[in-house]
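J.: how would this look folded up:
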Amino acid sequence: MNEPLLLGLLAGITIFLGLPILALNKLKEKQMILTIFACGILIFLLVEIVAHAFEEIEEEIENALEKKISVIPALTTISLFLISLTVMMLAFALFEETFFKAQKTDEQKAFIQALLIAISIGVHNLSEGLLIGNSYSQGATRFALFLAIGFAIHNATEGFAIFTPLKITLKNMKKLLALGAIGGLPTLFGAWLGTMFHSVSALIVFSGIASGGLVYVIWQILAHIKEGNKIHTTTMLAAGFVFTALTELFLEISEHL
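T.: The predicted structure is shown next:
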């Protein structure tokens, strides 16, 4: 039972690798550039989550059509995804409006943004932990290890998105560690949970929740980017997207070597 927990921990703890890198003084001076880059990472993550969810849904529909059975379960699954996405977006908006409406300092706004990003990524990482636990419980220990390593590399890039809004200082260290735990450690809980049950519906719901959170966060980041050089902004968005896409491609190729 300890092995899947260790794999879940491995997959999530790498999210803290962004801290020492962002602590470099040269990077602090380019906070807005890094924020846009991190937004590109989040956009790729959103595309990846939605694509994976719809792969599961399409497979369920195809199986129903081939076996000539009702497609209502498949339609229920897609409804779960869309409802989860919508509820999460509304929850984030309500959360920000209700509890932080009076907080207007730049530091407070930055913390709110980082917190919402961490929650979104944490929900997504919970589903990744479920995949690790499911694979291990079904005897695919080698595949579970590969998943853990792959998610660990992926989470290292996601750490940038969480920590970029805040200044990396000793004063903020408790907040930063808490945000990292919210974003990364759900893989640990997910891996434990995944050894006990397997549910496509649960994965779809978690995917919908994560997608809704990411849509809201990406919208907020883009809305707060000041008017500037659109070419530079677009370039950094694309750079973040391509960087994460290449990381994902590397992992896919490694799986088949």
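
J.: After the lowest-mean-pLDDT helix or strand in the chain, which helix or strand is next? Please name it.
T.: Across the helices and strands of the chain, the lowest-confidence element by mean pLDDT, DSSP states H and E is helix 25-28, at a mean of 53. Sequence order places helix 31-66 as the next helix or strand after helix 25-28, per DSSP states H and E.

J.: Now that next one: average pLDDT?
T.: Model confidence over helix 31-66, given as mean pLDDT, is 83.

J.: by contact count, what packs against that helix?
T.: In terms of contacts (3 or more Cβ pairs under 8 Å, 6 or more residues apart in numbering; DSSP states H and E), helix 31-66 is packed against helix 72-99, helix 106-137, helix 141-163, helix 200-224, helix 230-255. From N, CA and C alone the C-beta is placed, and that goes for glycine too.

J.: swap the cut-off to 6 Å and go again
T.: In terms of contact count using 3 or more Cβ pairs under 6 Å, 6 or more residues apart in numbering; DSSP states H and E, helix 31-66 is assigned the packing partners helix 72-99, helix 141-163, helix 200-224, helix 230-255.

J.: what's the closest of these to Ala191?
T.: When the helices and strands packed on helix 31-66 are ranked by proximity to Ala191, the top entry is helix 141-163, at 8.1 Å, counting by Cβ to Cβ.

J.: What are the buried residues along that closest one?
T.: Taking 16 or more other Cβ atoms under 10 Å as the neighbour-count basis, helix 141-163 is seen to contain the buried residues 144-163.

J.: next one: stretch 125-145
T.: Using 16+ other Cβ under 10 Å as the test for burial, stretch 125-145 gives 125-137, 144-145.

J.: quick one: average pLDDT of that stretch?
T.: On average, the pLDDT along stretch 125-145 is 80.

J.: cool, and stretch 225-239?
T.: Along stretch 225-239, the predicted local confidence has a mean pLDDT of 79.

J.: got a list of contacts for that stretch?
T.: Residues lying outside stretch 225-239 but in contact with it, judged by Cβ atoms under 6 Å, 6 or more residues apart in numbering, are 33, 36-37, 40.

J.: now with 10 Å?
T.: 30, 32-43, 218, 221-222 (Cβ atoms under 10 Å, 6 or more residues apart in numbering).

J.: re the thing from before, now the weakest link among the helices and strands packed on helix 31-66, please, by mean pLDDT.
T.: Considering the helices and strands packed on helix 31-66 one by one, the lowest average pLDDT is found for helix 141-163, at a mean of 78.

J.: Which helix or strand lies directly C-terminal to it?
T.: Towards the C-terminus, the helix or strand next in line after helix 141-163, according to DSSP H and E, is helix 173-184.

J.: from the middle of its chain, how far away would the helix or strand just after that next one be?
T.: Per DSSP H and E, helix 173-184 leads on to helix 186-194 as the next helix or strand towards the C-terminus. Taking Cα atoms, centre = their mean, to the nearest Å, the mean C-alpha location of helix 186-194 is offset from the chain mean by 15 Å.

J.: Output the contacting helices and strands for helix 186-194.
T.: Counting contacts by 3 or more Cβ pairs under 10 Å, 6 or more residues apart in numbering; DSSP states H and E, helix 186-194 packs against helix 2-13, helix 106-137, helix 141-163, helix 200-224.
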